[in-house]
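Trainee: just the structure for this:
(chains A, B, C and D)
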Protein chains: 4
Amino acid sequence: MTRTAVVAGVGPGLGESIARRFVAEGCRVALLARTASYVEGLAADLGEAALAVPTDLTDPDAVDDAFATVRREFGPVDVLVNHASGGSWKGVRDVSLAEFEHAWQVGARAGLQCSQAALDDMVGDDEEAATGGTIIFTGATSSVRGRGGAAAFSSAKFAVRGLAESMAREFGPAGVHVAHVVIDGGIRPPGRDVSNPEEYLDPDAIADSYWHLVEQDESAWTLELDLRPHVEAF
Amino acid sequence: MTRTAVVAGVGPGLGESIARRFVAEGCRVALLARTASYVEGLAADLGEAALAVPTDLTDPDAVDDAFATVRREFGPVDVLVNHASGGSWKGVRDVSLAEFEHAWQVGARAGLQCSQAALDDMVGDDEEAATGGTIIFTGATSSVRGRGGAAAFSSAKFAVRGLAESMAREFGPAGVHVAHVVIDGGIRPPGRDVSNPEEYLDPDAIADSYWHLVEQDESAWTLELDLRPHVEAF
Amino acid sequence: MTRTAVVAGVGPGLGESIARRFVAEGCRVALLARTASYVEGLAADLGEAALAVPTDLTDPDAVDDAFATVRREFGPVDVLVNHASGGSWKGVRDVSLAEFEHAWQVGARAGLQCSQAALDDMVGDDEEAATGGTIIFTGATSSVRGRGGAAAFSSAKFAVRGLAESMAREFGPAGVHVAHVVIDGGIRPPGRDVSNPEEYLDPDAIADSYWHLVEQDESAWTLELDLRPHVEAF
Amino acid sequence: MTRTAVVAGVGPGLGESIARRFVAEGCRVALLARTASYVEGLAADLGEAALAVPTDLTDPDAVDDAFATVRREFGPVDVLVNHASGGSWKGVRDVSLAEFEHAWQVGARAGLQCSQAALDDMVGDDEEAATGGTIIFTGATSSVRGRGGAAAFSSAKFAVRGLAESMAREFGPAGVHVAHVVIDGGIRPPGRDVSNPEEYLDPDAIADSYWHLVEQDESAWTLELDLRPHVEAF
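Mentor: Predicted coordinates:
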């Protein structure tokens, strides 16, 4: 079975590792992110199983257009990774309302809108005839522990997690596996050396667990798992 | 000491019980909610310690104006209750982006903006000279457990909790006690009989715990507590 | 109403502050701890509302005898504080099975046994006719976050919390309020100066929250609250 | 690499699926459980990669002997699954101290003792030269939510989780991956038909996630994941 996957908010690092892994597993992968040159370069690198769909996820019309493109090129969506994240790390008094809103739009509202589009494909009009699918949200330490000095990021990450939990409970019976991954640590930055590589999560290793979530049998689904480097203090 | 308190999102039921209790404890209480006739009626009932400040909490300019009014009439804010909540109980596919946004604006964004205004008074320009204060957020079961079929409400309630946690960590050292109350059950509806009153939280009883949070010594502050009727299954 | 309270595992610091506060609120308070000279001295200090009941809480027969004494002197138990705690802070490989067991006996098994005795008084043979009461468990940071290097303490504290949650769900409908307090920080040591007092919880301030739990109306009970100094990093 | 795995508390259903899967992945698997006939039958079925080690996990001497046998036959332990669980589902007033203790001995104390033995192999005397390994604890819904009417089971399951968390933090840096799996639902009973199979977790599907935990790269380890059937209400 060839699955159609969407990575919404793909970027160098984890998003790219997820896309690469999904292609390696036989998926067609649509790459959604704002910068056209980036997603086009990545799609060229990944070959014909990949599709560049430059999309500003904070623009609802653009998101609608993107999913129309995905369906036209690759057919209905089977797997969605809501990977976009934003939010300047500012304290409560320093963050502007616009910055606070932007973090929420990128994470929570775009996550909702992309999921609505994917659920149209996964569930359709007749829940009994649903084909199902997988929706994974990328979370962070701040998804479960509001960080002092990161008000917009923490609040938006909590909002995403609340959405994911609600969605998991609503659509599990219809065969849609919704999962939330808490990434607790820094991800190894691509393309440059770091002095202490073992202190970072390897994005390819994270992608292993994303793929495991896609492959889980519906009799034993995970809603949430955490991931961190073995040396991380937590 | 006469404290100035703001109840943002006051309404019949819990908000009103909190306002009444705070007045009984000697606070001056500013009542912020959209419906002018309601807050004016409540203020008239509560007497001169209460101030009606009709405010659409989703309108940033209106919130700014409201706090200017509070300061002019009652002086700097010592206690803020972020009590507003919204969100139609719709599932992921049924909720519109506008409804999803509205729930977040009422809960999270208004909570941020009201807190920014209150922190200006509580902390000021010099954290060493901060007078401190108390900021309480009203949460719900869906703040800690995303409810299937209530996507906007759950996501917004999570967003509020993440904001509260972040704020607590940032401003505890400056003497601002930030707390989040998880109300796990239905609140007894005012003004009508119910057949099974013991299945509801009494809003006056909830207000006892809000006031306890205000009175806690800074050596032993609570970030979060839950409240539910003794017969609640949970 | 004069309540009979038992503080099981009373000691200098928090246990003593709880006992003192409960006496001040009009309770008769039975003081259970191993060292006879200590509980007798404390009882003498607290006056005739206090009863010294030297008890090794790890000895089931001694616990039975203690409650028999309490009932004979003070009547049925209305409030129980399961305050005993133990456990050397050793890592997994360093702790002995005996040390691991001791921590569990002091915290969890004694907590069960004392609660069984108290529930006999609070609920009796006819749940419909139950008089109810309050059972509070003293928890710690390690109750909710297993600490590396404190295997026995963490495991025993988790065991206590699981017991408290189970008990709260079972006996809430019968009018018994079971609560668990997570004390997240060091308690100010009695009888000596510390250089940085604000970094500690004041035991009298903690006792305020214990008494608040006793006084909560049954329509709005708290299962769990946390307490920490305002400057605590958490 | 041929790993040596121990499944402590193996039984029909999940334990057996784990053992079978581990053998299929090339592990030698030692089967520890009380009933000799059962583990010997299972070992015969699994072939020479399996070793029957009849062991009463509540008997410390028997556990020591079991690990001596495992090392003699299969060499040092690389993977340990602490799978034993016990505890009659009785309420607080109905459970005896002996039943309460038994549940804790089977789950928490045996988990500690088996882990101590495994850590001797995985870490040795020189943490710098540690070979590492994996220790997985089987949890349940009651590990994270104390169930009314199941006092011993809930308390013991919490105790296990606290131990697992403490152990994970202590031994992650030495290369030992400690994980805790929350199984939230009923496991399909082996050897008989059920009318509603989709309401149960398939033990083979659970075993997939156990093996995924064993295979995770040390840069991205999971401490905890939950598993439930897609139709489970939670």
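
Trainee: let me see the ranges of the strands in chain A.
Mentor: A:4-8, A:28-33, A:50-54, A:79-82, A:133-140, A:176-183, A:224-227 (DSSP state E).

Trainee: all helices of chain A, in order?
Mentor: In chain A, the helices defined using DSSP state H lie at A:14-24, A:36-46, A:60-74, A:97-104, A:110-122, A:151-171, A:203-215.

Trainee: what's the closest of the ones you listed to residue C:176?
Mentor: Residue C:176 lies closest to helix A:151-171 among these, at 30.8 Å (Cβ to Cβ). (C-beta placed from N, C-alpha, C; glycine too.)

Trainee: so which bits of the closest one are buried?
Mentor: Neighbour-count burial for helix A:151-171 flags A:151-171 (criterion: 16 or more other Cβ atoms under 10 Å in any protein chain shown).

Trainee: show me which of these neighbour chain D.
Mentor: Among these, the residues that sit close to chain D (Cβ under 8 Å from any Cβ of the partner chain) are residue A:169.

Trainee: and the residue lying farthest from the centre of chain A, what's its pLDDT?
Mentor: In chain A, the greatest distance from the average C-alpha position (Cα atoms, centre = their mean) is reached by residue A:93, at 29.2 Å. What the model reports for residue A:93 is a pLDDT of 98.

Trainee: contact partners for it?
Mentor: Taking Cβ atoms under 8 Å, 6 or more residues apart in numbering or on different chains, we find residue A:93 in contact with B:116, B:119, B:120, B:123.

Trainee: ranking those by neighbours, who comes first?
Mentor: residue B:119 (24 neighbours; other Cβ atoms under 10 Å in any protein chain shown).

Trainee: for residue A:106, which non-adjacent residue is closest in space?
Mentor: Spatial nearest neighbour of residue A:106, excluding adjacent residues (Cβ to Cβ, 6 or more residues apart in numbering or on different chains): residue A:86 at 3.7 Å.

Trainee: mind checking how far that neighbour is from chain D?
Mentor: Remark: distance between residue A:86 and chain D (Cβ to the nearest Cβ, to the nearest Å) = 23 Å.

Trainee: what sits against the residue nearest to residue A:161 when sequence neighbours are not counted?
Mentor: Take residue A:161 and drop its neighbours on the chain: the residue closest to it by Cβ to Cβ, 6+ apart is residue A:143, 4.7 Å away. With contact set as Cβ under 8 Å, 6+ apart, residue A:143 has these partners: A:157, A:158, A:160, A:161, A:180, A:182, B:162.

Trainee: next one: residue A:138
Mentor: A:14, A:81, A:82, A:83, A:85, A:181, A:183.

Trainee: what score does residue A:191 have for pLDDT?
Mentor: Note on residue A:191: pLDDT of 81.

Trainee: show me the contacts for it.
Mentor: Shown in contact with residue A:191 (Cβ under 8 Å, 6+ apart): residue A:12.

Trainee: and what of the one 3 residues further on?
Mentor: Taking Cβ under 8 Å, 6+ apart, we find residue A:194 in contact with A:188, A:200.

Trainee: tell me the confidence at it?
Mentor: Looking at residue A:194, its pLDDT reads 89.

Trainee: equivalent analysis for residue A:87, please.
Mentor: In the prediction, the pLDDT value recorded for residue A:87 is 76.

Trainee: so it makes contact with residue A:105?
Mentor: No - under the criterion of Cβ atoms under 8 Å, residue A:87 is not in contact with residue A:105, lying 10.3 Å apart.

Trainee: now do the end-to-end distance for stretch A:178-188.
Mentor: End-to-end distance of stretch A:178-188: 26 Å, with Cα to Cα, to the nearest Å as the criterion.

Trainee: with distance to residue B:100 and pLDDT added, can I get the contacts of residue A:143 in TSV?
Mentor: Formatted as TSV, the contacts of residue A:143 follow (distance: Cβ to Cβ, whole Å; pLDDT from 0 to 100):
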residue	distance to residue B:100	pLDDT
A:157	16	98
A:158	15	98
A:160	12	98
A:161	15	98
A:180	18	98
A:182	23	98
B:162	16	98
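
Trainee: of those, closest to residue D:22?
Mentor: residue A:182 (26.9 Å).

Trainee: show me what contacts residue A:185?
Mentor: For residue A:185, the contacting residues are A:141, A:199, A:200, A:201, A:227, A:228, A:229, A:232, by Cβ under 8 Å, 6+ apart.

Trainee: out of those, which are close to chain D?
Mentor: When contact is defined as Cβ under 8 Å from any Cβ, the contacts of residue A:185 meet chain D at A:200, A:201, A:227, A:228, A:229, A:232.

Trainee: and the fifth one, how far is that from chain C?
Mentor: The one in question is residue A:229. Computed as Cβ to the nearest Cβ, the residue A:229 to chain C distance reads 15 Å.

Trainee: likewise for the last one?
Mentor: Computed as Cβ to the nearest Cβ, the residue A:232 to chain C distance reads 12 Å.

Trainee: same check on the second one?
Mentor: In this structure, residue A:201 lies at 20 Å from chain C, with Cβ to the nearest Cβ as the measure.

Trainee: what's the neighbour count on that residue?
Mentor: For residue A:201, the neighbour count with other Cβ under 10 Å is 23.

Trainee: what sits against it?
Mentor: Applying Cβ under 8 Å, 6+ apart to residue A:201 gives the contacts A:183, A:185, A:186, A:187, A:188, A:227, A:228, A:229, D:219, D:220.

Trainee: do residue A:166 as well
Mentor: Taking Cβ under 8 Å, 6+ apart, we find residue A:166 in contact with B:92, B:142, B:146, B:147, B:148, B:149, B:150, B:151, B:154, B:155.

Trainee: now the buried members of these.
Mentor: The neighbour count (16+ other Cβ under 10 Å) marks B:92, B:142, B:146, B:147, B:148, B:150, B:151, B:154, B:155 as buried among the contacts of residue A:166.

Trainee: backbone dihedrals for the fifth one, please?
Mentor: It stands for residue B:148. phi -60, psi 130 (degrees, to the nearest 10).

Trainee: could I get the contacting residues of it?
Mentor: Contact analysis of residue B:148 by Cβ under 8 Å, 6+ apart lists A:166, A:167, A:168, A:169, A:170, B:91.

Trainee: and it, what pLDDT?
Mentor: Reading off the confidence values, residue B:148 has pLDDT 97.

Trainee: ok, now the last one?
Mentor: Note for residue B:155: predicted pLDDT of 98.

Trainee: could you double-check that it lies in contact with residue B:104?
Mentor: Yes - using Cβ under 8 Å, residue B:155 is in contact with residue B:104, at 7.1 Å.

Trainee: joint contacts of those two?
Mentor: Listed contacts common to residue B:155 and residue B:104 are A:108, A:159; contacts here mean Cβ under 8 Å, 6+ apart.
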